[in-house]
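[1] Sharing a sequence plus its predicted fold:
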Amino acid sequence: MLIQILIFIAALSVLLLAARFFTQSAETIGSWLRMSPFIIGVFIVGIGTSLPELVSSILSVRQGLSEIVPGNVMGANISNILLITGVVAYLNKIELRLTRSYIFIDLHYLIGGLLIFTVISYDGQINWAEGLFGIFAFIIYSFYLLKEGDKGSDLPAQEEKNSSFPVKAFLILLLAGVGIYFGADYTISSLSAIAEALGIPPAIIALTLLSLGTTLPELAVNIAAIREGKAEMAVGNVLGSCIFNAMVVPGAASFFGSIHVPQALIGFSLPFMLGAGLFFYLLTQDKKISRWEGILFIILYGLFLIKVANLA
């Protein structure tokens with residue numbers, strides 16, 4: 001099992017590193033295409049940091065381990081909402097101020113996305129027809145961002161288009177895509193071997209170990225945003241990632257086969273995820289998150305891990 005653990009760590013590292021290079025290269029190409037910084041941030045960075053969840057979920061379904069998908073989605077969203085938001089609020093040292101109006105549209109879509117995922121998961125099975133609801137909802141959300149996002153952005157659009165196409169960035173993009181695929185492939189296969197050796201359902205491993213690992217890109221991006229004095233952007237990244245995970249990841253994975261949702265996840269983790277989203281929504285109605293509230297978020301995440309350990 002030690003070999004499988006080392007393979008898991010190495011494969012996950014390759015997956016996260018490749019996703020980072022993919023995102024950076026896509027940003028360069030987006031700038032060459034004269035996309036605005038807002039659109040680059042929302043779509044390229046937001047979706048790029050969620051690539052590990054998306055690719056690993058698709059490959060898990062293809063390998064007959066579909067129960068990994070709901071575990072990964074629930075675990076990633078819970079760690080995003082509680083752990084990452086808590087760390088961001090604590091490290092920022094002063095209150096997080098949510099002043100942009102589009103944040104509250106994102107909050108509504110967060111609750112809507114979690115509700116959609118809860119409804120389609122509750123019977124223990126997600127098929128492609130149910131997955132379409134999440135895909136359509138995300139398309140509508142994307143249209144909103146495209147229409148309203150630049151209005152709320154204080155960043156100017158890219159003004160110049162470089163004369164030469166960024167060939168180096170394009171090649172890195174292709175290589176990073178290959179790295180994402182093989183990194184995710186070996187991550188899932190080693191995860192399955194570890195779960196079998198420990199006698200723990202793969203869904204529980206995905207709920208904790210895999211989901212925590214795949215949220216590392218969001219944590220890295222958010223810490224960088226704090227250092228640049230853009231803590232609100234960090235909260236927006238958390239919301240965007242959770243919305244993408246809840247709507248797109250299960251929807252896309254369901255096209256490769258039906259997704260099984262274990263009863264152990266439906267009984268505890270699913271309502272916990274929905275409750276965490278509702279708690280986040282209610283707590284942010286005053287348009288701020290204090291350090292003390294951030295500590296509370298971290299404590300709730302610790303409680304979640306303890307309860308999940310009992311389930312295993």
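    Cool, the structure landed. Keep in mind that what you see is a predicted model, and the values were worked out from it rather than measured. Residues are numbered from 1 along each chain as shown.

[2] helices or strands next to the host helix or strand of Ser192 in the packing?
    Per DSSP states H and E, Ser192 falls inside helix 167-198. For helix 167-198, the helices and strands in contact under the criterion 3 or more Cβ pairs under 8 Å, 6 or more residues apart in numbering; DSSP states H and E are helix 2-32, helix 51-62, helix 202-205. From N, CA and C alone the C-beta is placed, and that goes for glycine too.

[3] Might one say that Lys141 is in contact with Leu107?
    No Lys there; residue 141 is Tyr. No. Taking contacts as Cβ atoms under 8 Å, Tyr141 lies outside contact range of Leu107: 12.0 Å.

[4] On the pLDDT front, check Ser254 for me.
    Confidence at Ser254, expressed as pLDDT, is 94.

[5] Assumed Ile140 was part of a strand.
    No. The assignment for Ile140 (DSSP: H, G, I helix; E, B strand; the rest coil) gives helix, which keeps it out of a strand.

[6] CA atoms only: put stretch 244-260 into PDB for me.
    Presented in PDB, the C-alpha positions along stretch 244-260 are these (Å, rounded to 0.1, in the frame of the first residue of the first chain):
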ATOM      1  CA  PHE A 244     -18.800  24.800 -11.300                       C
ATOM      2  CA  ASN A 245     -18.300  21.700  -9.100                       C
ATOM      3  CA  ALA A 246     -22.000  21.300  -8.300                       C
ATOM      4  CA  MET A 247     -23.300  22.000 -11.700                       C
ATOM      5  CA  VAL A 248     -20.800  21.000 -14.300                       C
ATOM      6  CA  VAL A 249     -18.700  18.200 -12.800                       C
ATOM      7  CA  PRO A 250     -21.500  15.700 -12.200                       C
ATOM      8  CA  GLY A 251     -23.200  16.700 -15.300                       C
ATOM      9  CA  ALA A 252     -20.200  16.200 -17.500                       C
ATOM     10  CA  ALA A 253     -19.200  12.900 -15.800                       C
ATOM     11  CA  SER A 254     -22.800  11.500 -16.200                       C
ATOM     12  CA  PHE A 255     -22.300  11.500 -20.000                       C
ATOM     13  CA  PHE A 256     -19.800   8.800 -19.600                       C
ATOM     14  CA  GLY A 257     -22.100   6.600 -17.400                       C
ATOM     15  CA  SER A 258     -24.500   6.700 -14.600                       C
ATOM     16  CA  ILE A 259     -23.100   8.000 -11.300                       C
ATOM     17  CA  HIS A 260     -23.800   6.000  -8.100                       C
END
